[in-house]
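J.: Structure for this input, please:
(one chain, ligands or ions: 1)
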Amino acid sequence: MSAGRTEEWLQKFREVILQYNEHRRSDPFMDWFRDKDKAGFFASDFERVLAILIDSRFDQRTTAENALQNTRDVVGCGALKNCSLTPRELPLLIPKQSKNAGEWTELFCEALQRLHELAERIVAKKSWAVDDLFKLILTECRVPYLADKTSRLAVRWLHELVNYLEIDMRNYKIPVDSLVYRVASRLGVIDPYTDKYYGNGSPADLKIQGFVQRLFPEKPWVMDEPLWVTGRRRVRGGHCFPTNPDCHGCIFDGLCPKNFTDIAPESVGMEKTLGSGVYMRPVRKVETGASEKQLAFAKFVEDLKRKRITGERYREMIAQWQREHKEEEWQ
Ligand code: SF4
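T.: Below is the predicted model:
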């Protein structure tokens, strides 16, 4: 493609994304949050931040409506003021895939103290670079089940809903999962045979983030939703299926070269799927050479020691941690 044609194509792409964002269905949590905020429900920025963290943590492997119902329930029971709620003080929460209602309720109670701590750390500083904020959420003050995707949702909401916070979003990276990888392949942004994805900084990741930066250097997050929504299943409004996409009605129809429609690009270019076919990102290494998971585990053990938890309770909590962190939410 000539430079002029490429620029024309990019411009069309920008317009499609902007139109999508202009007309997208409003998020139920954002509507709820704004209504509550207008009515003076939140006593402080700490409570605003905490409500966002709670809902984004619930918003995984379920619908936004279910996540919001859980948020309303726990907030109604005092979770914004009390970090020591017990399962007996809560109704059973709507479970996510892989957890039953009882387990999910218990896990929320166990995470609540950490959610409070994280909210405190966030409001302690007014201005954030987005990278620092992710570092805080994903490594320094980790909350079980608030992982890569859910934390990105949290950061977007913090940016959009909490006026007190000034978050410089220019370095925002969109999370690459199998849906985004597939759609990016079909759109010609990457080639699954040469651009492999195995985590942050892998060839496919660099190309996708570079493409996003080229289109929207000031607000890269606007690219996130249009890509993954397009890659969803038909029943969830998607078009770009693993094979034989249904291009009719897709927002990218008209500018998409429709590459690799007879293969599932993610099965060619992404790290192998595990277990149930859910893509799991490889655990990232950090500067010390230990993985994030190892560091978090060491910190968890330190916390137990600090709290003088020993014996049977210690063993139970270690086993619980290991069960939780076997799952994809860590990745
Ligand atoms: S136009 Fe077709 S191939 Fe391209 S992204 Fe949409 S559904 Fe996928």
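J.: residue ranges of the strands in this structure, please?
T.: Using DSSP state E, the strands of the chain run over 127-129, 166-168.
J.: So what touches stretch 210-220?
T.: If you take CB atoms under 8 Å, 6 or more residues apart in numbering as the criterion, stretch 210-220 is touched by 10, 13-14, 17, 169-170, 172-174, 184, 189, 209, 222-223. (Each C-beta comes from the backbone N, C-alpha and C, glycine too.)
J.: if we go to 7 Å?
T.: Residues outside stretch 210-220 that contact it (CB atoms under 7 Å, 6 or more residues apart in numbering) are 10, 13, 14, 169, 170, 172, 174, 189, 222, 223.
J.: wait, doesn't the second one sit right on residue 254?
T.: No: under the criterion of CB atoms under 7 Å, residue 13 is not in contact with residue 254, lying 10.5 Å apart.
J.: So those two - more neighbours on which side?
T.: residue 13 (21 against 9; other CB atoms under 10 Å).
J.: I'd like to check which residues are in contact with that one.
T.: 215, 255 are the contacts of residue 13 under CB under 7 Å, 6+ apart.
J.: Any figure for the gap between it and the ligand?
T.: Distance, residue 13 to the ligand, using CB to the nearest ligand atom, to the nearest Å: 11 Å.
J.: Tell me how far the residue nearest the centre of the chain lies from residue 174.
T.: With distances taken as CA atoms, centre = their mean, residue 149 lies nearest the centre of the chain, 1.6 Å away. As judged by CB to CB, to the nearest Å, residue 149 and residue 174 stand 10 Å apart.
J.: swap in residue 193?
T.: Residue 193 sits 22 Å away from residue 174, taking CB to CB as the criterion.
J.: I'd say residue 245 and residue 234 touch.
T.: No: Residue 245 lies out of contact with residue 234 (CB under 7 Å); the separation is 10.1 Å.
J.: out of the two, which sits in the busier spot?
T.: The residue with more neighbours, out of residue 245 and residue 234, is residue 245; 22 against 9, by other CB under 10 Å.
J.: In contact with that one, which residues?
T.: Taking CB under 7 Å, 6+ apart, one finds 186, 239, 261 in contact with residue 245.
J.: Spell out which parts of the chain neighbour the ligand.
T.: 183, 186-187, 230, 239-240, 245, 247, 250, 252-253, 256, 258, 261 (CB under 6 Å from any ligand atom).
J.: and with 5 Å instead?
T.: Residues of the chain lying close to the ligand by CB under 5 Å from any ligand atom are 186, 239, 240, 245, 247, 250, 252, 253, 256, 258.
J.: Those residues, buried ones only, as a ChimeraX selection?
T.: This is the ChimeraX syntax for the buried subset of the residues of the chain next to the ligand, where burial follows 16 or more other CB atoms under 10 Å:
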select :186,239,240,245,250,252,256
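J.: can you tell me which of the residues of the chain next to the ligand are in helices?
T.: residue 186 (DSSP state H).
J.: okay, the residues of the chain next to the ligand in CSV with pLDDT and distance to residue 213 next?
T.: Below are the residues of the chain next to the ligand laid out as CSV (pLDDT from 0 to 100; distance: CB to CB, whole Å):
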residue, pLDDT, distance to residue 213
186, 98, 20
239, 97, 25
240, 97, 22
245, 96, 26
247, 97, 27
250, 97, 24
252, 98, 19
253, 97, 25
256, 97, 20
258, 97, 24
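J.: ok, so of the residues of the chain next to the ligand, who is nearest residue 2?
T.: Set against residue 2, the nearest of these by CB to CB is residue 256 (19.0 Å).
J.: Might one say that that closest one is in contact with residue 187?
T.: Yes: here residue 256 reaches residue 187: they are 5.4 Å apart, a contact under CB under 7 Å.
J.: I'd like to check which residues are in contact with the closest residue to residue 16 other than its chain neighbours.
T.: Nearest non-adjacent residue to residue 16, counting by CB to CB, 6 or more residues apart in numbering: residue 251, 5.4 Å away. Neighbour list for residue 251: 16, 20, 226, 230 [criterion: CB under 7 Å, 6+ apart].
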